[in-house]
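*Asks:* Need coordinates for the below:
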Amino acid sequence: MLESGCKAVKEGVLEKRSDGLLQLWKKKRCILTEEGLLLIPPKQQQPPAPLPAEPAAKIKELHFSNMKTVDCVERKGKYVYFTVVMAEGKEIDFRCAQEQGWNAAITLQMVQYKNRQAILAVRSTRQKQQHLGQT
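*Replies:* Just a heads-up that it's a prediction; the model follows:
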């Protein structure tokens, strides 16, 4: 379990293209949860414990509520290259070995998350309508 209370669905290493001028591929330890994707620098072995000495600033969370799509760009050699498109338009490029299936796992979890949110929204609307009908 992570500090957010979500259990890990998949763990492993993904390579993320840096934003810098050279756009180098950097390995990130990744934890896919029901809420999003955590990117952890490979030097940091565990998700942050509630210890003040452990800086959590290096851990990046890509939450599904801020994610728009996962685009599979191409399969080339042993890698699958894919892009996570965030709601604000930012694109984050990743690659992994084809057999790891990260792009499919992320897409599946994102769709399940969005479906859960849609169901909650419909239930909330129905409850409000029922409440208004009773008064």
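
*Asks:* and D71, backbone torsions?
*Replies:* Comment: the main-chain dihedrals of D71 come out as phi -100, psi 130, following degrees, to the nearest 10.

*Asks:* For it, give its distance to T125.
*Replies:* As for D71, its distance to T125 is 31 Å (criterion: CB to CB, to the nearest Å). Placement of C-beta: from N, CA and C, glycine included.

*Asks:* More neighbours: which of those two?
*Replies:* When neighbours are counted by other CB atoms under 10 Å, D71 comes out ahead of the other of D71 and T125, with 14 against 10.

*Asks:* partner residues bridging E91?
*Replies:* Counting by DSSP bridges, E91 forms beta bridges with V85.

*Asks:* Pretty sure it sits against V85.
*Replies:* Yes. The pair E91 / V85 is scored as a contact, 5.4 Å apart, by CB atoms under 8 Å.

*Asks:* How about K78, nearest residue that isn't a chain neighbour?
*Replies:* For K78, ignoring the flanking residues on the chain, the nearest one in space by CB to CB, 6 or more residues apart in numbering is A97 at 5.6 Å.

*Asks:* Check the gap between that neighbour and L39 for me.
*Replies:* With distances defined as CB to CB, the gap from A97 to L39 amounts to 18 Å.

*Asks:* Could you check which of these two is surrounded by more residues?
*Replies:* A direct count of neighbours by other CB under 10 Å for A97 and L39 places L39 higher, at 19 against 15.

*Asks:* quick check, that one in a strand?
*Replies:* Yes. The assignment for L39 is a strand, going by DSSP: H, G, I helix; E, B strand; the rest coil.

*Asks:* Thank you kindly, that will do.
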